[in-house]
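[1] Show me the folded form of this:
(3 chains)
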Amino acid sequence: MLPHALIIRFRQQLLQWHASCPRPMPWKGLRDPYLIWLAEVILQQTRVTQGWPWFERFRKRFPTVQHLAAATEDEVLKLWEGLGYYTRARNLWRTARYVVEQLDGQFPRNYEGLLKLKGIGPYTAAAIASFAWRLPHAVVDGNVLRVLARFLADDTPIDSGPGKRHFTQLAQTLLDPQYPDSFNQAIMDLGATVCTPHNPQCHKCPLHSDCRATRQGIAPLLPVKRRKTKVRTRHLHYLIWTDGQHTLLQRRPSGDIWAALYDFPFVETSHPTTSGQQLLRQWLHAHQLAEPRSLPHPTLLWQGRQRLTHQLICGYYWWVLTHQLPPTLHNWQYVTIENLCKFALPKLTGNFYTYLLNFKDSLPTGKSNGIYNP
DNA sequence: AAGCCGGGGTA
DNA sequence: TACCCAGGCTT
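    Sure, this is the predicted structure:
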């Protein structure tokens, strides 16, 4: 157990520091549970500077939960485009509809009720409960884990069940029940600006005198994480079936990256490939389409890479010009090249699309590439 | 409990 | 490069 005097000092020094060290942000000080929820979901695993423009965009387009609930899933996804972790956008939309239709537009007034909503976990439930209604629930995010692990020189791995429970209880013990909103803001601000992952500014820290990691000189070594992310390399060969005007577009299925976003049908290979026609045959076979008498000659228009946390995506964009386009299968549709920008695209495909618009006047236009004629 | 899910910033 | 970011869901 923590000494009571230590707890009191922690609260007092933290709150005093926060009062004199504001970090202005558009969602700070808001009491509207909808806007708080919106901001917190946008900020999940996302830096403040990165999520900022998206929050402004969403707040302007969807001022209330009713506005959001009235939108389509595709419109929400399009506005979310480029931010990543797209399940957040779909859960945001689903929960908005649920709140409007089942809860009369009112968010649950307690932590447990909030926790039941799709896309709201322990962190976001505590954030809404404390910021909107000043309920005494401590937020535990990456900042808080780092501050607590260092303050107590605690090397319990933070990426484990016991570790998570341990630090959550510590945060709840330290939380000032009189000012849960200010306390939560303050401890996250401290982690983001002073108690940083690298080169922590310990000399500026209001908790410096009580910090055990500082005393032991091990602040930069904490917190401890056990799990290492292994990066998988993937080669995605996109086939841009086109007659020069339209292209075949697919809605990506669940169970893989970029679920529910749109891109081109593709074949995945374990190694880089150079034979476009070979890819074409693989693709036709995979979708049980008959091989045309005269196979088109795909042209590799563009290739790009995107490094994600857990995958290295190598994208190859093959231009497949033909008079007769393949039939549309499930989740496939034909759209004009101009209309591609109306769909939510993965960043990598968006990069290709930018290239396509810049160089569309010099695209292969020969009609002798073959005819899809099974 | 472990794996998966994006994109970008920083040392 | 490696690590991390106002985490949550699925298996």
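[2] Now stretch A:253-261: buried residues?
    Residues A:258, A:260-261 are the ones in stretch A:253-261 that count as buried (16 or more other CB atoms under 10 Å). Every residue, glycine included, has its C-beta placed from N, CA and C.
[3] same deal with stretch A:266-275?
    For stretch A:266-275, the neighbour count (16+ other CB under 10 Å) marks A:266-267, A:269 as buried.
[4] got TSV for these, with secondary structure, distance to residue A:229 and pLDDT too?
    What follows is these, written out as TSV (DSSP: H, G, I helix; E, B strand; the rest coil; distance: CB to CB, whole Å; pLDDT from 0 to 100):
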residue	secondary structure	distance to residue A:229	pLDDT
A:266	strand	24	96
A:267	strand	26	96
A:269	strand	23	95
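[5] would a markdown table of those with distance to residue A:223 be doable?
    Shown next, in a markdown table, are the buried residues of stretch A:266-275 (distance: CB to CB, whole Å):
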| residue | distance to residue A:223 |
| --- | --- |
| A:266 | 39 |
| A:267 | 42 |
| A:269 | 39 |
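[6] about what we covered before: out of the buried residues of stretch A:253-261, which one sits closest to residue A:177?
    Set against residue A:177, the nearest of these by CB to CB is residue A:260 (41.0 Å).
[7] On the pLDDT front, check the closest one for me.
    pLDDT recorded at residue A:260 is 97.
[8] ok, which stretches of the stretch 151-300 of chain A are helices?
    Counting by DSSP state H, counting those that start in this stretch, the stretch 151-300 of chain A has helices at residues A:161-174, A:180-193, A:212-216, A:276-286.
[9] What residues does the residue in the stretch 51-200 of chain A positioned nearest to DNA strand B make contact with?
    Nearest to DNA strand B, among the residues of the stretch 51-200 of chain A, is residue A:161, at 2.2 Å (CB to the nearest atom of the strand). Residue A:161 makes no contacts at all, as judged by CB atoms under 8 Å, 6 or more residues apart in numbering.
[10] swap in residue A:299?
    When contacts are counted by CB under 8 Å, 6+ apart, residue A:299 touches A:276, A:318-319, A:321, A:364.
[11] tell me which of the residues you listed is nearest to residue A:226?
    residue A:318 (41.6 Å).
[12] Show me what from chain A comes close to DNA strand B.
    Proximity of chain A to DNA strand B (CB under 7 Å from any atom of the strand) is limited to residues A:45-47, A:49-50, A:82-87, A:160-162, A:198-199, A:226-227, A:230, A:255-259, A:306-311, A:346-348.
[13] and DNA strand C, which of the residues you listed contact it?
    Residues of the residues of chain A next to DNA strand B in contact with DNA strand C (CB under 7 Å from any atom of the strand): A:45-47, A:50, A:85, A:87, A:255, A:309.
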